[in-house]
Each structure stands twice: as C-alpha cells, then as structure tokens.
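S.K.: What would the 3D arrangement of this be:
(one chain, ligands or ions: 1)
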Amino acid sequence: MRLNPSPRTKLTITINVKMRGSDIMSAVTNSFENVKAVILSCHKDSSSREKVNFYNSWAENYDQDVAVLDYRAPSLAAKSISSHFVGDRETAVVLDVACGTGLVAKQLKSYGFAHFVGIDGSEAMLELARESGFYQDLKQCLLGEDHLPVQCGLFDVVVIVGALSVGQVPVDVVRELCKCTKPGGYVCMTTRGNRDNVEYKAALECELKQMEEEGLWTCVEVAKVEDWERAVSEQEDGYISGAVYIYKNEEAQCMTM
Ligand SMILES: C[S@@+](CC[C@H](N)C(=O)[O-])C[C@H]1O[C@@H](n2cnc3c(N)ncnc32)[C@H](O)[C@@H]1O
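M.R.: Okay, the predicted model is just below:
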C-alpha cells in the first residue's frame, strides 16, 4: 500500500504501552539537579513511616532517578554475594529486605540466583517489584515496628541494600536478618559513608561486631567503596563513599526468635 498523505493530512498514531521508568529513561531522564531536589525534599522526614511514604511518592521515577545518581549498590552487593556463595544458586532462596522496585533481584538473577522473596514498607515500591516478575512472594512490613514476616532459619541469602541508613531501617533489625538466615547462609548489607550517616554507620558496625563476639556470625568481607554514588547534600560534592558487608551465619537461632 502506498501512503501518500497530502500536506494537510494529519496522521495520529496512538501507542498504548505500559513502560517502567527505567524503560523510558532516555526519553524522560530527570536532570541531576531535579533528582537532588527530590531526595533533599525527604531529608526532613524523620520517622521510618514518613520515609516509606516518601518512597510511595517516588516509586514511579525511582529506577530512572537512581540511575542518574550512578547508584551502584545493588550491583556491588550482588557481585559480592556471588563471589562468596558456594551453594547451588538455582535452588537457593534469597530474602531481599527493603527490596524496593527489584534492582537487587535483577542483579542477583544475572549471577544465576532464581528464587526471591521480597519485603518492603512501601506498597508502591512493592507494586513495581511485583511487576518485575522476579519475586515468588512479596510482603509489606515496616521494619523497626513490625517483625520480619518470614520463618526463622529459612533463607540461603538475606540481602538489604540502600535501606540501612539514618531515618530508614533501625540498626537492631540486623539481628532479625541473621535469625532468618540458614546456618551457613549469608547476610549482605550496605550502608552509606557520607556525613549525615556517620553516626548510623558507626552504630551499625558496632552491632555487627557485637553479634560476631556473641558467636552469631562471622565476618566474611567488608568492602569500602569510594565512588558509591553521586553526592546530593549541599555539604558534599562528587561521589560519597559506602560499604558492603558480608557475614556468614554460624548457628541455628530459631529457638530465640
Ligand atoms: C533506597 S531504596 C532501596 C531499594 C532497593 N533495595 C534498591 O537497592 O534499589 C530503600 C527502600 O527501603 C524501604 N524502606 C525504608 N525504610 C523502611 C522500613 N523502615 N521498613 C520497610 N521498608 C523500608 C523503602 O520503601 C525503599 O523501597
């Protein structure tokens, strides 16, 4: 068929495709200044509940905005887990705590992991995780207020990325992460090393060490990373630092859960 519209002919094509933020990144990528403004707008949010509400409003743009920040925590954590995990990846069950939209599961899948359970406080982030298709099960839970809604001693790998920081998940939740890991399983955690998180990071490292002294787990690796992600605060520029921690659960702890 030959289409030969006259100059006055108006051709309207409607494309009705549902796309995730990351799929249309090149078309609508936010500028760094805009992303910075979005993130700074939530810094006044002090409680975990307020933070989760912020994620509800950010969910739709989250993937594309964190790409602007050069947010590499999910890939760094997944790489670290992959380099230490010795079991069968196809049957291993991974608990992704504060899973967000599913960026960590996406990375772990590329290393051969196939079974994921996700937990997050934000219903909007969970909805996107659901759409990703990576998770066999997803549960809503406000960490710090509710207990982890999973069975003790069940998971081969427990991972929490981007959520152990001031105003988000309280430090003592790491004890619950350890309890729901199988004996011999791994817990992978990340945190930021920038100014507003200095006290939180010190408290986290103190708790991790304390748990090691109690014989609950052993430290497998602490990887300090200088170029963790782009800085967004007014006092910092360039890249902020961060860290990935991997611990190995040493004993069954289900009696104490
Ligand atoms: C920076 S995002 C990280 C998401 C994902 N892990 C990633 O790396 O892309 C932080 C996530 O933690 C969740 N979160 C923060 N505080 C929480 C809390 N107290 N309980 C449950 N989820 C929380 C947020 O809803 C959000 O999805």
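
S.K.: Distance check, residue 185 against residue 124.
M.R.: Plainly put, residue 185 is 30 Å away from residue 124 if you go by CB to CB, to the nearest Å. For glycine as for every other residue, the C-beta is placed from the backbone atoms N, C-alpha and C.

S.K.: Specify which residue of the two has the higher count of neighbours.
M.R.: residue 185 (24 against 18; other CB atoms under 10 Å).

S.K.: pretty sure the more buried one contacts residue 154?
M.R.: No: counting by CB atoms under 8 Å, residue 185 stays clear of residue 154, with 9.0 Å between them.

S.K.: Counting neighbours, what do you get for residue 90?
M.R.: 9.

S.K.: Up against the ligand, what does the stretch 1-150 of the chain have?
M.R.: Within reach of the ligand by CB under 6 Å from any ligand atom, the stretch 1-150 of the chain has these residues: 48, 51-52, 55, 73-74, 98-100, 103-104, 120-122, 125, 141-144.

S.K.: The same query, at a cut-off of 5 Å, please.
M.R.: Residues of the stretch 1-150 of the chain that fall close to the ligand, judged by CB under 5 Å from any ligand atom: 48, 52, 55, 74, 98, 100, 103, 120-122, 125, 142-144.

S.K.: Adding neighbour count and pLDDT, write the residues you listed out as JSON lines.
M.R.: Converted to JSON lines, these look like this (neighbours: other CB atoms under 10 Å; pLDDT from 0 to 100):
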{"residue": "48", "neighbour count": "18", "pLDDT": "87"}
{"residue": "52", "neighbour count": "21", "pLDDT": "95"}
{"residue": "55", "neighbour count": "23", "pLDDT": "96"}
{"residue": "74", "neighbour count": "22", "pLDDT": "98"}
{"residue": "98", "neighbour count": "24", "pLDDT": "98"}
{"residue": "100", "neighbour count": "25", "pLDDT": "98"}
{"residue": "103", "neighbour count": "26", "pLDDT": "98"}
{"residue": "120", "neighbour count": "28", "pLDDT": "98"}
{"residue": "121", "neighbour count": "24", "pLDDT": "98"}
{"residue": "122", "neighbour count": "25", "pLDDT": "98"}
{"residue": "125", "neighbour count": "25", "pLDDT": "98"}
{"residue": "142", "neighbour count": "15", "pLDDT": "97"}
{"residue": "143", "neighbour count": "24", "pLDDT": "97"}
{"residue": "144", "neighbour count": "15", "pLDDT": "94"}
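
S.K.: Export the residues you listed to TSV and append columns for secondary structure.
M.R.: What follows is these, written out as TSV (DSSP: H, G, I helix; E, B strand; the rest coil):
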residue	secondary structure
48	helix
52	helix
55	helix
74	helix
98	coil
100	coil
103	helix
120	strand
121	coil
122	coil
125	helix
142	coil
143	strand
144	coil
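
S.K.: ok, which stretches of the stretch 51-200 of the chain are strands?
M.R.: 93-97, 115-120, 137-140, 155-160, 181-192 (DSSP state E, counting those that start in this stretch).

S.K.: Parallel or antiparallel, which strands does the longest one pair with?
M.R.: In the sheet, strand 181-192 lines up against strand 155-160 (parallel), strand 239-249 (antiparallel) (DSSP bridges).

S.K.: from those, which stretch is densest packed?
M.R.: strand 155-160 (a mean of 26; mean count of other CB atoms under 10 Å).

S.K.: That strand and the ligand in contact?
M.R.: No: remark: strand 155-160 sits outside contact range of the ligand, by CB under 5 Å from any ligand atom, the gap being at least 7.1 Å.

S.K.: Spatially, and excluding backbone neighbours, which residue is closest to residue 221.
M.R.: residue 246 (4.5 Å; CB to CB, 6 or more residues apart in numbering).

S.K.: surely residue 132 meets residue 105?
M.R.: Yes: between residue 132 and residue 105 there is a contact under CB under 8 Å: 7.0 Å.
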